[in-house]
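>>> Next comes the sequence, and after it the predicted model I'd like to discuss.
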Amino acid sequence: MTAHNWIKIYNESNISEYTATRENETRFWQSLSFLKSQSPLPEALKDAAEFGIKYVLVAVNEDIGPRGNCGNGGATDGWHAFLKRFLNLPCNQFLTPSNVLLLGEVITDDLQQQSETLDNSLDADLTRLRTLCEELDVRVSAVLKAIFDAGLEPIVIGGGHNNSFGLLQALSNSQQKQCQAINFDPHADFRAIEGRHSGNGFSYAHHAGYLADYHVVGMHEQKNNDTIIASLQSAGFTYTTYQDILVSRSTSLTDAIKVATTRFDPNLPLGIEVDVDAISGMPVSAYTNCGFSVNDAEHFVYLSAKQANTHYLHLCEAAPKNHPQGAAQGYIEAGQVLSGLVCSYLKARQN
Ligand SMILES: N=CN[C@@H](CCC(=O)O)C(=O)O
């Protein structure tokens, strides 16, 4: 199976349910490009790059990873909330996404379907969820490698943080180099090599030799056990805690980001990771009201994306249906936040 088998490529008909028009304004959906070529994905992406495309929006609609991590479902829907908002933003002098390709979705439907009846409180079902997550890794990695090989920057939205593994594997294989990642997240996602899930994307990437350096911004002191912290430290990786930034205020968010950006090797590729469960009140797999603000997250993305060696943005774990006030509110808020983060990335990369 190749990358082409694992992608559902969008055209206008896939977004018509989300879009509206307004007189005298051009909206983002009217400025974005679709992949029109009949060629296999790798060639079609290279053609798109030649036509001036720089950024690629791609979805991974799944919640197998968070459920395989003994957590809640719902991360299947972040992408749809994002589209509803992002596609209808007005193009203007601040931002017009004319070099952005709306590629589509990594195919997950069959895996999601197989996972539907699995109960993560039962050992056998948990093992099966982790096996399905491994199958998903293969697809994410294949599609993302084709994007990186074409010299394009993916913006990956949806699903659990498990997909950091496929992203880092793809980037490392494409560049033939180890990678670095900066992660805005209360969780280090450096759990044991115990079967794939959303809590061990970075430990697996390190174990497999894809991750050379890693810094977690806003790691929460009460959301990581001793084994996770010890494993992170023995890998030589670092963190700045939520408590450092927002409780004792012994450092600022800006300085916490600079710990990584000043230390990281400019010759190695960098991935920007945001688990939106870092943000207070977000509808996510693991809800918190003790987190960062939306504009903190936007600042994280903006400042990190200013690094010349940045290769991707990954926004994961949004689960609109888990909003305490219901799905409708969850869609509105997830859509706004994910759109704000993508715009912060594009603005940082384009200026
Ligand atoms: N990517 C998230 N990782 C968290 C999950 C927390 C939760 O679902 O409650 C972790 O492993 O701790």
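That came through, no problem. Numbers count the residues shown, from 1 in each chain.

>>> Which residues of the chain lie near the ligand?
Residues of the chain lying close to the ligand (C-beta under 6 Å from any ligand atom) are 66, 69, 71, 161, 187, 189, 191, 198-199, 275, 285-286. For every residue, glycine as well, the C-beta is placed using N, CA and C.

>>> Most widely separated two among those?
191 and 285 (14.6 Å; C-beta to C-beta).

>>> So for those two, which residue has more residues nearby?
residue 285 (27 against 21; other C-beta atoms under 10 Å).

>>> Ramachandran angles for the more buried one?
As for residue 285, its main-chain torsions (degrees, to the nearest 10) stand at phi -70, psi -40.

>>> Just to check, it is in contact with residue 319?
Yes - counting by C-beta atoms under 8 Å, residue 319 is a contact partner of residue 285 at 5.3 Å.

>>> Give me the common contacts of the two.
Counting by C-beta atoms under 8 Å, 6 or more residues apart in numbering, the shared contacts of residue 285 and residue 319 are 63, 72-75.

>>> Out of those residues, grab the one that's most surrounded.
residue 75 (33 neighbours).

>>> So for it, what's the pLDDT?
Reported pLDDT at residue 75 in the predicted model: 96.

>>> can you tell me how far the residue nearest to it when sequence neighbours are not counted sits from the ligand?
Among residues not flanking residue 75 along the chain, residue 63 sits closest, at 4.3 Å (C-beta to C-beta, 6 or more residues apart in numbering). Separation of residue 63 from the ligand (C-beta to the nearest ligand atom, to the nearest Å): 11 Å.

>>> before we move on, what about residue 267?
From residue 267 to the ligand the distance is 29 Å (C-beta to the nearest ligand atom).

>>> Over to residue 268?
24 Å.

>>> got it, and residue 213?
From residue 213 to the ligand the distance is 20 Å (C-beta to the nearest ligand atom).

>>> Residue 239 belongs to a strand?
Yes - in this structure, residue 239 lies within a strand as judged by DSSP: H, G, I helix; E, B strand; the rest coil.

>>> So in terms of bridging, what pairs with it?
Under the criterion DSSP bridges, residue 239 forms beta bridges with residue 216.

>>> what about it, distance to the ligand?
From residue 239 to the ligand the distance is 14 Å (C-beta to the nearest ligand atom).

>>> How about residue 257?
20 Å.

>>> element containing that residue, please.
helix 253-263 (DSSP states H and E).

>>> residues in contact with stretch 142-150?
Here stretch 142-150 has contacts from 1-3, 6-7, 41-42, 45-46, 48-49, 56, 58, 103, 106, 153-154, 156, 166-167, 169-171, 173-175, 311-312, using C-beta under 8 Å, 6+ apart.

>>> Mark which of the residues you listed are part of strands, please.
7, 56, 58, 103, 106, 153-154, 156, 311-312 (DSSP state E).

>>> okay, among those residues, which ones form the most distant pair?
7 and 311 (18.8 Å).

>>> The contacts of stretch 142-150, buried ones only, as a PyMOL selection?
Remark: buried members of the contacts of stretch 142-150, expressed as a PyMOL selection using 16 or more other C-beta atoms under 10 Å:
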select buried, resi 3+6+7+41+42+45+46+48+49+56+58+103+106+153+154+156+166+167+169+170+171+173+174+311+312
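
>>> which ones are touching the spatially most central residue of the chain?
A centroid search over the chain (C-alpha atoms, centre = their mean) returns residue 314, at 2.2 Å, as the residue closest to the centre. Residue 314 sits next to 156, 163-164, 167, 271-274 when contact means C-beta under 8 Å, 6+ apart.

>>> Count the neighbours of residue 347 for me.
15.

>>> For the spatially closest residue to it that is not a sequence neighbour, which three-state class applies?
Leaving aside its sequence neighbours, residue 347 sits nearest to residue 95 (C-beta to C-beta, 6+ apart; 6.0 Å). Secondary structure state of residue 95, per three-state DSSP, is coil.

>>> you'd agree residue 224 is up against residue 188?
Yes - the criterion here is C-beta under 8 Å, and residue 224 meets it with residue 188 at 5.3 Å.

>>> Taking the stretch 1-150 of the chain, what residue is nearest to the ligand?
residue 71 (2.7 Å; C-beta to the nearest ligand atom).

>>> what's the nearest residue to that residue if we skip its chain neighbours?
Per C-beta to C-beta, 6+ apart, closest to residue 71 is residue 285, 5.1 Å.

>>> how close does the one you found sit to residue 92?
With the distance defined as C-beta to C-beta, to the nearest Å, residue 285 ends up 34 Å from residue 92.

>>> buried sites along stretch 92-106?
Applying 16+ other C-beta under 10 Å to stretch 92-106 flags 95-97, 99-106 as buried.

>>> For residue 219, which non-adjacent residue is spatially closest?
residue 239 (4.1 Å).

>>> Burial check on that neighbour, number of neighbours?
Neighbour tally, residue 239, other C-beta under 10 Å: 25.

>>> If I look at it, what pLDDT would I see?
For residue 239, pLDDT reads 98.

>>> any idea where the helices of this protein begin and end?
28-31, 41-50, 64-68, 78-86, 109-115, 123-149, 163-175, 201-207, 226-234, 242, 253-263, 294-305, 327-350 (DSSP state H).

>>> tell me what the third one is packed against?
Based on contacts counted as 3 or more C-beta pairs under 8 Å, 6 or more residues apart in numbering; DSSP states H and E, the elements that helix 64-68 packs against are helix 109-115, helix 123-149.
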